[in-house]
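Colleague: Fold the stuff below for me.
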Amino acid sequence: MSPENFPVQTGKRILLFALIAVGMGQTVLFAVLAPLGREIGLLEVQVGAIISASSITVFLCTPIWGRTSDRWGRKRVMLVGLFGYAMGTVLFAMVFKSAMEGFFIPVVAFIALIVARMMHAVVMSATMPAASAYMADITTVAERTRGMGQVGAANNVGAILGPALGGGLAVFSLLTPLWFSAAIAVFAGLIVWKFLPDVPRQVVGHRPPKMKRTDPRILPFMIVGVTMFMGFAIVQQTMAFRFQDALGLTGIETARTFGIGMMLSAGCSLFSQAILVQHLDLKPFSLMKLAMPLLIIAFGIMATFESELMLLGSMCMLGLGMGLAGPGFTAGASLAVSPEEQGAVAGVAGSCGPLGFTIGPLVGTWLYSLQPEYPYIFTLVVYIPLLIFVLMQKERPVHG
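Modeller: Okay, the predicted model is just below:
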């Protein structure tokens with residue numbers, strides 16, 4: 001198939017469907033992980049450590065998968081990620097089930113969950129860099145920011161559907177949403193395998209270029225990305241505890257209420273990415289300059305209020321901000337490098353989120369154990385200099 005005859009719209013539709021499935025699986029996990037951890041006797045910081053161990057694994061593996069997608073092809077690497085996600089989720093759920101039935105004491109369950117989640121992370125980390133590089137391959141420079149906005153929007157559609165389905169399925173068992181997300185990943189993998197067209201311009205088999213995170217072309221985006229995702233991870237990992245403790249909820253009620261919060265947040269993020277990013281036509285750093293004040297306001301509300309209405313409102317504000325910042329960060333890094341480096345930059349940029357999610361859950365859950373307001377005060381303090389840093393940046397030269 002020649003580049004002129006490549007079915008761009010078909011490729012986009014299948015790609016975005018797969019990302020919806022990934023978004024569903026991730027948000028289902030975050031909706032039930034906190035109450036599941038408490039169910040088997042884990043401390044808040046231990047629940048955070050599970051996510052951190054997974055995230056450092058993703059951080060290390062994502063750049064490798066990005067370069068591998070240059071060599072193997074985007075589609076093949078996406079299939080590794082989707083089917084690996086399904087198998088890893090089943091393993092993770094089986095460890096939780098064993099602990100809930102008394103086969104593992106809490107300390108053994110904690111170690112087993114760390115190992116299972118790290119094994120899971122090795123393969124599931126293949127999906128996003130391959131998907132981002134695929135989108136970069138099929139969009140022009142002028143379309144790149146909108147294309148990355150569509151990637152984020154698809155992920156957020158999944159983030160809306162995941163808690164809705166997960167909250168409903170949790171009435172049967174807190175583990176039911178995990179079994180469901182594994183099944184969805186298998187289905188998405190089959191759709192990608194059968195229908196996603198390979199990108200024709202990709203030269204499979206060549207030695208892909210390596211890229212350092214300190215490459216001056218992308219370094220400002222790396223600084224913003226790691227710090228931004230660290231703050232987001234602090235919130236995502238502690239807000240379920242915040243809802244449960246502030247409102248006096250049971251485990252199932254927590255999964256349902258926090259799931260509603262995640263749905264609202266994802267809906268607002270979807271609005272940012274599907275409406276604002278697509279129509280404002282702003283450059284990457286301009287999007288981030290709009291996003292940072294919204295995020296700072298959200299953290300201030302989280303630190304100050306304990307009512308359900310205000311906590312849900314803060315998550316809406318968080319979604320609006322992340323919906324603007326995410327495409328700006330991803331598109332900015334993509335546009336700063338050459339077409340031949342898209343797999344490499346997708347892997348490097350994609351590792352910023354996992355690094356943030358390595359630091360954030362540990363810091364957030366530790367601060368939460370000291371005082372429930374501390375995680376959000378800390379994030380607020382970190383984001384103020386981040387806002388100043390973003391305001392000082394000029395738009396980078398376009399190479400991609």
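Colleague: which stretches of the chain have low pLDDT?
Modeller: Along the chain, segments meeting pLDDT under 70 span 1-6, 156, 163-164, 166-167, 200-209, 395-400.
Colleague: what packs against the top helix by length along it?
Modeller: Secondary structure of the chain per DSSP state H: the longest helix is helix 8-39. Contact here means 3 or more Cβ pairs under 8 Å, 6 or more residues apart in numbering; DSSP states H and E; on that basis helix 8-39 packs against helix 44-72, helix 74-100, helix 127-138, helix 144-169, helix 176-195, helix 219-247, helix 251-271. All C-beta spots, glycine's among them, are computed from the backbone N, C-alpha and C.
Colleague: Name the residues of it that are buried.
Modeller: 11-12, 14-39 (16 or more other Cβ atoms under 10 Å).
Colleague: how far off helix 251-271 does it point, in degrees?
Modeller: Here helix 8-39 points in a direction 150 degrees away from that of helix 251-271 (axes from the mean of the first three to the mean of the last three Cα atoms, to 10 degrees).
Colleague: Give me the residue at the spatial middle of this structure.
Modeller: residue 353 (6.7 Å; Cα atoms, centre = their mean).
Colleague: Contacts only, for it.
Modeller: 58, 225, 229 (Cβ atoms under 8 Å, 6 or more residues apart in numbering).
Colleague: how about the second one, what does it touch?
Modeller: The contact partners of residue 225, taken as Cβ under 8 Å, 6+ apart, are 329, 333, 349, 352, 353, 356.
Colleague: Swap in 6 Å and give it another go.
Modeller: 329, 352 (Cβ atoms under 6 Å, 6 or more residues apart in numbering).
Colleague: What distance do you get for it to residue 393?
Modeller: 13 Å (Cβ to Cβ, to the nearest Å).
Colleague: Please apply the same query to the last one.
Modeller: Between residue 229 and residue 393 the distance is 18 Å, computed by Cβ to Cβ.
Colleague: related to what we said a few turns ago, so which strand or helix has the residue nearest to the centre of the chain?
Modeller: helix 352-370 (DSSP states H and E).
Colleague: Pull out the buried positions in that helix.
Modeller: Judged by neighbour count using 16+ other Cβ under 10 Å, the buried positions of helix 352-370 are 352-369.
Colleague: Just the C-alpha atoms of it, please, in CSV.
Modeller: C-alpha atoms of helix 352-370 as CSV (Å, rounded to 0.1, in the frame of the first residue of the first chain):
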residue,chain,number,x,y,z
CYS,A,352,7.3,11.2,31.7
GLY,A,353,3.9,10.1,32.9
PRO,A,354,5.3,6.9,34.4
LEU,A,355,8.1,8.8,36.1
GLY,A,356,5.6,11.2,37.6
PHE,A,357,3.5,8.2,38.7
THR,A,358,6.6,6.7,40.3
ILE,A,359,7.1,9.7,42.5
GLY,A,360,3.6,10.9,43.0
PRO,A,361,1.8,7.9,44.7
LEU,A,362,4.6,7.4,47.2
VAL,A,363,4.8,11.1,48.1
GLY,A,364,1.0,11.5,48.0
THR,A,365,0.1,8.5,50.2
TRP,A,366,2.9,9.3,52.7
LEU,A,367,1.7,13.0,53.0
TYR,A,368,-1.9,11.8,53.2
SER,A,369,-1.0,9.5,56.2
LEU,A,370,0.3,12.6,58.0
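Colleague: Run the angle between it and helix 219-247 for me.
Modeller: 30 degrees.
Colleague: Contacts for the helix or strand following helix 352-370, please.
Modeller: Note on helix 352-370: by DSSP H and E, the next helix or strand toward the C-terminus is helix 374-392. With Cβ under 6 Å, 6+ apart as the test, helix 374-392 has contacts from 227, 231, 234, 238, 288-289, 292, 295-296, 299-300, 302-303, 364, 367-368.
Colleague: And those residues, which is closest to residue 175?
Modeller: Set against residue 175, the nearest of these by Cβ to Cβ is residue 238 (22.2 Å).
Colleague: So what's the residue count around that closest one?
Modeller: 29 (other Cβ atoms under 10 Å).
Colleague: Settle this for me: it is touching residue 364, isn't it.
Modeller: Yes - Residue 238 is within contact range of residue 364, at 4.5 Å (criterion: Cβ atoms under 6 Å).
Colleague: residues in contact with residue 237?
Modeller: With Cβ under 6 Å, 6+ apart, residue 237 has these contacts: 48, 51, 361, 364.
Colleague: Next, format those as JSON lines and append distance to residue 77.
Modeller: Conversion of the contacts of residue 237 to JSON lines gives the following (distance: Cβ to Cβ, whole Å):
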{"residue": "48", "distance to residue 77": "29"}
{"residue": "51", "distance to residue 77": "23"}
{"residue": "361", "distance to residue 77": "26"}
{"residue": "364", "distance to residue 77": "31"}
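Colleague: Look up the closest residue to residue 55, ignoring the ones flanking it.
Modeller: residue 357 (3.7 Å; Cβ to Cβ, 6 or more residues apart in numbering).
Colleague: could you measure that neighbour against residue 48, distance?
Modeller: On the measure of Cβ to Cβ, residue 357 and residue 48 end up 10 Å apart.
Colleague: how near is the closest residue in space to residue 44 that isn't next to it in sequence to residue 303?
Modeller: With Cβ to Cβ, 6+ apart as the criterion, residue 44 has its nearest non-adjacent residue at 4.4 Å, and that residue is residue 365. As for residue 365, its distance to residue 303 is 16 Å (criterion: Cβ to Cβ).
Colleague: same check, this time on residue 89
Modeller: 33 Å.
Colleague: Also residue 184?
Modeller: Counting by Cβ to Cβ - residue 184 and residue 303 are separated by 35 Å.
Colleague: more neighbours, the two?
Modeller: residue 184 (24 against 17).
Colleague: Name the residues of stretch 286-302 that are buried.
Modeller: Applying 16+ other Cβ under 10 Å to stretch 286-302 flags 287-292, 294-302 as buried.
Colleague: among these, which are in helices?
Modeller: 287-292, 294-302.
Colleague: tell me which of these is nearest to residue 147?
Modeller: residue 287 (13.9 Å).
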